[in-house]
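have a look; sequence and predicted model below, questions after that.
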Amino acid sequence: EAAVTQSPRNKVAVTGGKVTLSCNQTNNHNNMYWYRQDTGHGLRLIHYSYGAGSTEKGDIPDGYKASRPSQENFSLILELATPSQTSVYFCASGGTGSQNTLYFGAGTRLSVL
Amino acid sequence: AQSVTQPDARVTVSEGASLQLRCKYSYSATPYLFWYVQYPRQGLQLLLKYYSGDPVVQGVNGFEAEFSKSNSSFHLRKASVHWSDSAVYFCAVSGNNNNAPRFGAGTKLTVKP
C-alpha cells in the first residue's frame, strides 16, 4: 500500500528559529509536493519536486526552502520561522500524467511562537 | 497556472438527503480533475478522478462527479448521505503536462442525524 510518512507530527518553534519538516514515501513516485492548509485557503502549494535533486517553487514559496536528496525523501525547511508560518503542512507523492493521484501524509502541525 | 473555486465553504444536509458539492476550475488545456476527502486530523484521500471519456465518474462510497467542459465544472454528488460522510471535501485540478495539482479552499460537509 502506498505510504507517505511525515515527521514530526507536531512541532512548536520559536520565531527566528530553523525548522525542518521531513517526508518519506515508499511509493517510488517521481513527484513529491509540500502544501500548507489554512482555514479559508484550502491547500496551497509551497514547493514540489520531479525527482531526486530537483525542486520547484510553488505558489507561496517565500520563507521556505525544499530539499530532495533521494527518490524517497523530501524536506521543507524554514530557515527563519515566523508566526505567519503557523499552519498544518502536508506532504504528498504522486505519479505523472494520468497516474498523478496524490497520496498524502498525515500532516505536521507547526506552531511558531 | 490552473485554479479551483469551491463556492460553498460549509454545507449541512440531513442524513438520507441528496448532496451536491460545487467545483469550478480554470485551466487552459485538458484538465485532470479530482475530488479528495479529509477526515478530522488526517491527510487527504482520493474519492474519484476524471481524465477523459464518460463525463460522469464513479468513486468510492457511492460518490460520483460530472465533468462539464462548457461550464468548467466538476460537481460532486451523492444520492443519499450518511453521517459518516461528514468531512472536508477538496476539488483539485492538474494537467497532462505533469504540472502540480492545485486545490480549492474545500467544503466542510456536516450530515445531521
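In hand now; what should we look at? Please read these numbers as outputs of a predicted model, since none were measured by experiment. Residues are numbered from 1 along each chain as shown, chains lettered A, B, ... in the order given.

ok, for the residue of chain B found nearest chain A, nearest residue in space, not its chain neighbours?
Closest residue of chain B to chain A, CB to the nearest CB: B:G43 (3.3 Å). Where C-beta positions appear, they are placed from N, C-alpha and C, glycine not excepted. Nearest residue to B:G43 in three dimensions, chain neighbours excluded: A:F104, at 3.3 Å (CB to CB, 6 or more residues apart in numbering or on different chains).

confirm for me that that neighbour is in contact with A:V4.
Yes: shown here, A:F104 and A:V4 form a contact pair, counting by CB atoms under 8 Å, at 6.1 Å.

quick check: neighbours shared by these two?
A:91-92, B:43 (CB atoms under 8 Å, 6 or more residues apart in numbering or on different chains).

distance to B:K78 and pLDDT added to these, as CSV?
Compiled in CSV, the shared contacts of A:F104 and A:V4 are given as follows (distance: CB to CB, whole Å; pLDDT from 0 to 100):
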residue, distance to B:K78, pLDDT
A:C91, 29, 97
A:A92, 25, 96
B:G43, 22, 86
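
quick one on the thing from earlier: give me the number of residues near the residue nearest to B:G43?
If you count neighbours by other CB atoms under 10 Å in any protein chain shown, A:F104 ends up with 23.

ok, the residue positioned nearest the centre of chain A - contacts?
When CA atoms, centre = their mean is applied to chain A, the residue found nearest the centroid is A:W34 (2.9 Å). Each residue near A:W34 by CB under 8 Å, 6+ apart is listed here: A:21, A:23, A:45-48, A:58, A:64, A:66, A:74, A:76, A:89-91.
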